[in-house]
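# could you look at this predicted model? Sequence included:
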Amino acid sequence: MITIKNDREIEMMRHAGHIVGLVHKTMSEVLQPGMTTKQVADICERVIRENGAIPSFLNLYGFPGAVCTSVNDTVIHGIPDGYILKNGDIISVDVGANWKGYHGDSAWTYAIGDVSDDAGHLMQVCEEALYAGLSQVKPGNRLSDISHAIQTYLESHGCTTPRDYTGHGIGTEVHEDPSIPNWGIPGHGPRLKKGMCIAVEPMAHLGSEEVTVLSDDWTVKTLDHSLAAHYEHTVAITDEGYEIMTKVQGEAYGKER
């Protein structure tokens, strides 16, 4: 069931999103070659807890990390470990914060040092696909309008997207209805309404759309080992469009409508 949030609930989610935004601001400042993905996760968890929240992902469905750290050909759900980031890597950091029972969820892909032109292209296209999808977030549009906008943008710029992983509703649970695929034909699914809160999250590959899940039952990699990127914002649907909630409140972050 898709829930409509009231003003109080959206304010709670706005605060959770602010904390997520603080984590990503920190990541943009500290990520560098020589760090392990476990160190990355530890910094994220420290920022979350210092701001009075709890990591949403820690032990969620049994996930062992505070955040997901997905490097190079890992699409999503990378488990923080001893991998040492090196110059030229890209890392997607997927962050969730639970503040007083309400969640914010945002992923961003970061360049470590100097990355290849292909990696830079992938990151740019995936981030722009996020905003292509968000451009369809307004009352009266259909859910699949978001999906179609993301797919067509990615594919028109030479990228693919996995079929098995989606965006989602969010609120008192990290994952709520509806599921939001990153592909599909427009004009289908429920109509968007003011007060819905959703996490839109395109994932992009430079190669095939096919993926494989490792034996840890979490880590999702591209089957052909091509690079992958992942961008995500939690937004609330407003009278005329959307509000990005996973940002540092009072600072410009993303392209609000």
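Arrived safely, thanks for sending. Residues are numbered from 1 along each chain as shown.
# CA atoms for contacts and neighbours, from now on please.
Fine.
# can you get me a residue count around Thr152?
Residues near Thr152, counting by other C-alpha atoms under 10 Å, number 19.
# show me what the helix or strand containing it is packed against.
Element membership of Thr152, judged by DSSP states H and E, is helix 143-156. Judged by 3 or more C-alpha pairs under 8 Å, 6 or more residues apart in numbering; DSSP states H and E, helix 143-156 is in contact with helix 117-134, strand 176-180.
# can you lay out the ones you listed as a markdown table showing distance to Asn6?
As requested, the helices and strands packed on helix 143-156 are exported to a markdown table (distance: least, C-alpha to C-alpha, whole Å):
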| stretch | distance to Asn6 |
| --- | --- |
| helix 117-134 | 21 |
| strand 176-180 | 16 |
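# so how far is stretch 178-191 from its chain's centroid?
Remark: stretch 178-191 is offset 17 Å from the chain centroid, using C-alpha atoms, centre = their mean, to the nearest Å.
# make residue 1 into 807 and carry on from there
Done: numbering now begins at 807, and the last item shifts to stretch 984-997.
# and the longest helix that the chain contains, how far out from the chain middle?
For the chain, the helix that runs over the most residues, judged by DSSP state H, is helix 813-836. With C-alpha atoms, centre = their mean as the basis, helix 813-836 stands 13 Å off its chain's centre.
# buried ones in stretch 964-984, by neighbour count?
Along stretch 964-984, these residues count as buried under the neighbour rule (16 or more other C-alpha atoms under 10 Å): 965-968, 971-978, 980-984.
# give me the sheet partners of the helix or strand just after the helix holding Thr958 and which way each runs.
The helix or strand immediately downstream of helix 949-962 is strand 973-975, counting by DSSP H and E. The sheet places strand 973-975 alongside strand 982-986 (antiparallel), strand 1003-1006 (antiparallel), with pairing taken from DSSP bridges.
# surely Gly990 forms part of a strand?
No: read with DSSP: H, G, I helix; E, B strand; the rest coil, Gly990 is coil and lies in no strand.
# residues touching it, list them.
Residues near Gly990 by C-alpha atoms under 8 Å, 6 or more residues apart in numbering: 950, 953-954, 957.
# same check on Ser922?
By C-alpha under 8 Å, 6+ apart, the residues touching Ser922 are Gly894.
# what distance do you get for it to Trp914?
18 Å (C-alpha to C-alpha, to the nearest Å).
# for Ile991, same thing?
Ile991 sits at a distance of 26 Å from Trp914 (criterion: C-alpha to C-alpha).
# what about the residue nearest to Lys831 when sequence neighbours are not counted, is that helix, strand or coil?
Closest residue to Lys831 in three dimensions, ignoring its sequence neighbours and counting by C-alpha to C-alpha, 6 or more residues apart in numbering: Val1054, at 7.9 Å. Three-state call for Val1054 (three-state DSSP): coil.
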